[in-house]
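[1] show me how the following folds:
(chains A and B)
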Amino acid sequence: MSRGHAATNASASNPSEPLAAGSPAPDFLVGNSPDPLWLHDLRGQQVILVFSSAWNPAHAEQVTCYNRLVDEWNLPEPRLIDIAIDGPWYDLTFADDASRVRIPVCACGNVAAEYGVHDGEALFLIDRDGRICWRYAGPPGSRPPEDRLRVAMAAFARHETQTGGRISRRDFVAATLAVTCALSLHPRAADAVSPEPPLGAARPITLQVNGKRVTLDVEPRVTLLDALREYAGLTGTKKGCDHGQCGACTVHVDGHRILSCLALATLQQGKKITTIEGIASGKTLHPMQAAFIEYDAFQCGYCTPGQVMSAVALLHEHCGAADADVRECMSGNLCRCGAYPHIVSAIQSVRHGKPGHAAI
Amino acid sequence: MRPFDLSMPADVPAALALLQQDPKARVIAGGTTLLDLMKLDVETPAHVIDITPLARREPSLVAITTLPNGGMRLGALVGNTTLAVHPLVGTRYPMLTAAIEAGASPQVRNMATMGGNLLQRTRCYYFRDTTLACNKRTPGSGCSAIGGHTRMHAILGTSTHCIATHPSDMCVALAALEATIRVRGPAGERTIPFEEFHTRPGDHPEIENTLRPAELVIAIDLPPPRFARHSAYVKVRDRASFAFALASAAVGLDIATGKIRAARVALGGVGTKPWRAVAAERLLTGASAASATWQHAAEAAFADASPQPGNTFKATLGQRTLVRALEMAAAG
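    Numbering: from 1, shown residues only, chains lettered A, B, ... in the order given. Here you go, the predicted structure:
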């Protein structure tokens, strides 16, 4: 097949079945900067090709997802610790020697149609010889990418065992990510065959954070916590349990403290959001921040932003005067270092008008 | 969390239409239960409907109002904190205020709503772990809790298919107060007595209440207060705060000259639903307000208990919790 074929000759008006196992995988341009990289160039590696709109490589959770997948099949070599976007490149960082694998990201024409995928979502497993050895095709949103990859991995692992091959974690992740991200990030391929917005697609939202308006392109499933940390770059708010049990993610919405891990970002539009980055006045700390320093109310500091946000909210709540009341009012914020006595002292000092005097 | 589409209907009819079109859609208000379970893959809706905008067109959804009969109405979207700090609710239904304050953390209470509290799902660890069998999550798959760790599990109202507890504190008080749930669906509005709202697991643990398809909880109606002077909510848990109940009791007594004229008793942390202890109420009614009465009533409340090997302690703990609540209520 000529290398330009996939990009120029596909037609969405002539739907066909998804290509079956045994078929040669149609070639296409995976990336072209600085040098063109074709699927053909990945011969000798296994490739998983995912047609899915629900794959957002900007998510930190994707690293976790990949590591979970490769852990499940006991693949050798180190853990993936970061996926960074650098222009037309993805930089994958691995844990062993912080070595990087750089892969190009650039989609080409109507790849989906070339593979016989006209709607819904599909996954193809391509062996070292460039043949499809397994495929999955399903209706839109039928199953999440992680499940699909897991199924594919099972088939892949069996296949590789039978043929005596060995999957390298690094190569697998790089090749999979290259193709997966190329197709999903750049919607041209999917758009040609799927005019309906895909399930749970990202949409722009506007949030008012610390008095500033920020517009973010997020999926409905993105929590306020992830929107703040991963999209708005406000990493002061911490992710502890991510299930509403630890309080590390506490922020204020319209003046009330809430758990940003259990709030959808999309539903916070039109509300005033205040994070730990927004309570100081210029270089003057909020009295509660100063008191936490003065009273040594933290050790490792991870829970501290949430503790401070709760403590600031507490000043305006119905909370009794006694230390025991403060402990009850702070019960939603856990501190694994056990700084509780000093936290109570810091809060009581502010309530009694005797805050500390620390400055930034 | 899996991808989903999010709808934000403008009013109740629009929300009901969406629910009719898509019966598998999930409704979100505070989100404290739903999003938690979605992250665990226990709930996997492809469509989530946000009902918080409904209050703009229908302010009664976020209002606490007095009813002509002397009772009170709590809109389904009233927040837990709003209820907890409401002075009139505190005066008329102190056990409800106490129950709300005993539940969750301030942050969760700032998010959670009345309707969501009614529909809160169990904290059973086996329900929350998709790698384990659970008839509530996957009907017919079995129950991993039976024969497992059962400290948090029910001893009243259990079946051979499910022993999960209902986790709400508020609902225990609502059971004792004989609240009424007001719901609206395609066929219009109807009311459900609280006792009939939640169901026991029986052969179908996946069914947890008597809501019909495409019905929304609109409000909770409280009858005129009768037990404000002698009422209590007592909760026992594994740590001082922010933990689910091992055992709890909501008690309302109507006492005149040392005799109990009427009693309402409900239990939490021990039942598969907010557990109204009718046998205890019968025993209390007409008896004298004295310590022997409390013990008899507590024994009656747990006469039908069927503990697992790992939670036999809960019958004793439950009785002591109820005795404490009765003592506190009687003392006023």
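[2] by contact count, what packs against the lengthiest strand in chain B?
    Ranked by residue count, the top strand of chain B under DSSP state E comes out as strand B:245-256. Where contact means 3 or more CB pairs under 8 Å, 6 or more residues apart in numbering or on different chains; DSSP states H and E, strand B:245-256 is packed against helix B:94-102, helix B:170-177, strand B:231-237, strand B:259-268, helix B:313-331. In this view, the C-beta of every residue, glycine as well, is placed from N, C-alpha and C.
[3] buried ones in it, by neighbour count?
    Buried residues in strand B:245-256, defined by neighbour count with 16 or more other CB atoms under 10 Å in any protein chain shown: B:A245, B:L246, B:A247, B:S248, B:A249, B:A250, B:V251, B:G252, B:L253, B:D254, B:I255.
[4] now stretch B:291-298: how far from the chain's centre is it?
    25 Å (CA atoms, centre = their mean, to the nearest Å).
[5] picking that back up, partner strands of the longest strand of chain B, parallel or antiparallel?
    strand B:231-237 (antiparallel), strand B:259-268 (antiparallel) (DSSP bridges).
[6] rewinding a little: redo the buried residues of strand B:245-256 as CSV? Include pLDDT.
    Output for the buried residues of strand B:245-256, formatted as CSV (pLDDT from 0 to 100):
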residue, pLDDT
B:A245, 97
B:L246, 98
B:A247, 98
B:S248, 98
B:A249, 98
B:A250, 98
B:V251, 98
B:G252, 98
B:L253, 98
B:D254, 98
B:I255, 97
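[7] let's have the strands paired with strand B:245-256 in JSON lines, adding mean pLDDT and mean neighbour count.
    Listed next are the strands paired with strand B:245-256 as JSON lines, based on pLDDT from 0 to 100; neighbours: other CB atoms under 10 Å in any protein chain shown:
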{"stretch": "strand B:231-237", "mean pLDDT": "98", "mean neighbour count": "24"}
{"stretch": "strand B:259-268", "mean pLDDT": "98", "mean neighbour count": "24"}
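[8] tabulate these (CSV), appending distance to B:R57.
    Converted to CSV, those look like this (distance: least, CB to CB, whole Å):
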stretch, distance to B:R57
strand B:231-237, 35
strand B:259-268, 34
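[9] mind checking how far B:R264 is from A:D323?
    35 Å (CB to CB, to the nearest Å).
[10] correction: the previous question concerned B:A29.
    Distance from B:A29 to A:D323, by CB to CB: 34 Å.
[11] state the mean pLDDT of the helix or strand hosting B:G116.
    Secondary structure from DSSP states H and E places B:G116 in helix B:114-118. What helix B:114-118 shows for mean pLDDT is 98.
[12] who are the packing partners of it?
    Counting by 3+ CB pairs under 8 Å, 6+ apart, helix B:114-118 packs on helix B:80-84, helix B:170-177, strand B:216-222.
[13] show me what the last one is packed against.
    Secondary structure elements in contact with strand B:216-222, counted by 3+ CB pairs under 8 Å, 6+ apart, are helix B:12-21, strand B:72-75, helix B:114-118, helix B:170-177, strand B:180-185.
[14] kindly report the same for the shortest one.
    The contact analysis (3+ CB pairs under 8 Å, 6+ apart) places helix B:80-84 against helix B:94-102, helix B:106-111, helix B:114-118.
[15] the ones you listed into TSV, with extra columns for mean neighbour count?
    Putting the helices and strands packed on helix B:80-84 into TSV (neighbours: other CB atoms under 10 Å in any protein chain shown) gives the following:
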stretch	mean neighbour count
helix B:94-102	25
helix B:106-111	26
helix B:114-118	26
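[16] closest one to B:M152 out of the buried residues of strand B:245-256, please.
    Set against B:M152, the nearest of those by CB to CB is B:L246 (7.3 Å).
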